[in-house]
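**Student:** Predicted model follows, preceded by the sequence.
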Amino acid sequence: MKKIILSVFVASILSSCALESTPYIPTFYINENFNTSVEGWKGDFADYPVGEENFYELKFSQAKLPMPLDTTKKALRISGNNHSDDLFMFLSRKYSGLKANQKYTISFEVELASNAPSNLMGVGGSPGGSVYFGLGFTAIEPKKVLDSTTKHYTMNIKKMQQATNGEDMKVFGNIANGTDKSEYKLIRKTGVISAKTDANGNIWMILGTDSGFEATTTLYYTRLVATIQEVSGNI
C-alpha cells in the first residue's frame, strides 16, 4: 500500500534576545498521478437497481485521455448511463500511517477531464450543472450495499445527495467544463474538509459524482493532491 509522506514542520521565531519555538503541527501530503499509478484505488457505483450493470453501462478502468487532451497520458476513467436519475459514481482508497482516533483538516485539489458544457440543458437536467462533484474522508471503507426493500444499491456512508451535502461527503460544485463545447477539458475542484481516523490510524478517501442528468457521463480523473493537517488538542 502506498504510504503517505509525513513532513513535520517545526516553526521557530528568532529574536535578538531568545529563541522562541511554536508548537509543531504534523502534516501529511498526498500526491496521486493516475497516469503512472492506480495503486489502492477502487471505482464503483450506487443508486441503481440490482443486476442492471449492463443496462446502466457501468465501467471503470485506467484508460488513455481522450482528444483533444494528451492521449499519451492515462487517467482513471469512470462512466455510467443515469437511467435512475440519481446515479452515484465514485472512487475510493485507504490511507494508513496517521494517528489513531485523531481529527484532521484536509485541503485538496482534484483534477479531472469533463466534456460537459456549461449552461446546456439535457435529459432531466444539465450534463454539467446537474452532475455534482463531492469528496469526503471516512473512518470506515465506503462501499455500496444492497437495500433489500428497494432492490437498489445504496451506500454505507452518509454521502452527498446531488447538490446536498452529506455528513460524510460534501459537495464542491459540478462537472461543467467552463465552455460551450462538448469536448474534454481539464477542470479542477478544490476545498477543505475535516475527518477523523479509526482506531488504527486509517482513513478512507471517497470522491465522485451524483447525477441528475439522465444520460451518460464519462469522466477522467487525472491527479489528486491533498494536505492532511492534524487538529491540535483533539482526543
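**Tutor:** Looks like it came in fine. Numbers count the residues shown, from 1 in each chain.

**Student:** Partner strands of the longest strand seen in the chain, with direction?
**Tutor:** Counting by DSSP state E, the longest strand found in the chain is strand 216-230. Applying DSSP bridges, strand 216-230 is found paired with strand 25-33 (antiparallel), strand 74-81 (antiparallel), strand 103-114 (antiparallel).

**Student:** out of these, nearest to residue 145?
**Tutor:** strand 74-81 (18.0 Å; C-beta to C-beta). Placement of C-beta: from N, CA and C, glycine included.

**Student:** which non-adjacent residue is nearest residue 44?
**Tutor:** residue 144 (5.7 Å; C-beta to C-beta, 6 or more residues apart in numbering).

**Student:** For the one you found, grab the count of nearby residues.
**Tutor:** The local packing of residue 144 (other C-beta atoms under 10 Å) involves 17 other residues.

**Student:** and it, bridged to which residues?
**Tutor:** Residues in a beta bridge with residue 144, per DSSP bridges, are residue 155.

**Student:** residues in contact with it?
**Tutor:** 44, 45, 46, 153, 154, 155, 156 (C-beta atoms under 8 Å, 6 or more residues apart in numbering).

**Student:** looking at it, the first one is touching residue 60, isn't it?
**Tutor:** Think residue 44. Yes: contact between residue 44 and residue 60 holds when scored by C-beta atoms under 8 Å: they sit 7.2 Å apart.

**Student:** Tell me which helix or strand the residue nearest the centre of the chain sits in.
**Tutor:** Per C-alpha atoms, centre = their mean, the C-alpha nearest to the average position across the chain is that of residue 207, at 1.9 Å. Per DSSP states H and E: residue 207 is located in strand 203-211.

**Student:** Could you check how far residue 85 is from residue 48?
**Tutor:** Distance of residue 85 to residue 48, given as C-beta to C-beta, to the nearest Å: 10 Å.

**Student:** the more surrounded of those two?
**Tutor:** Applying other C-beta under 10 Å to residue 85 and residue 48 shows that residue 48 carries more neighbours, namely 24 against 15.

**Student:** Is that one bridged to anything, and to what?
**Tutor:** Beta-bridge partners of residue 48, counted by DSSP bridges, are residue 153.

**Student:** Tell me the pLDDT of it.
**Tutor:** Per-residue pLDDT puts residue 48 at 97.
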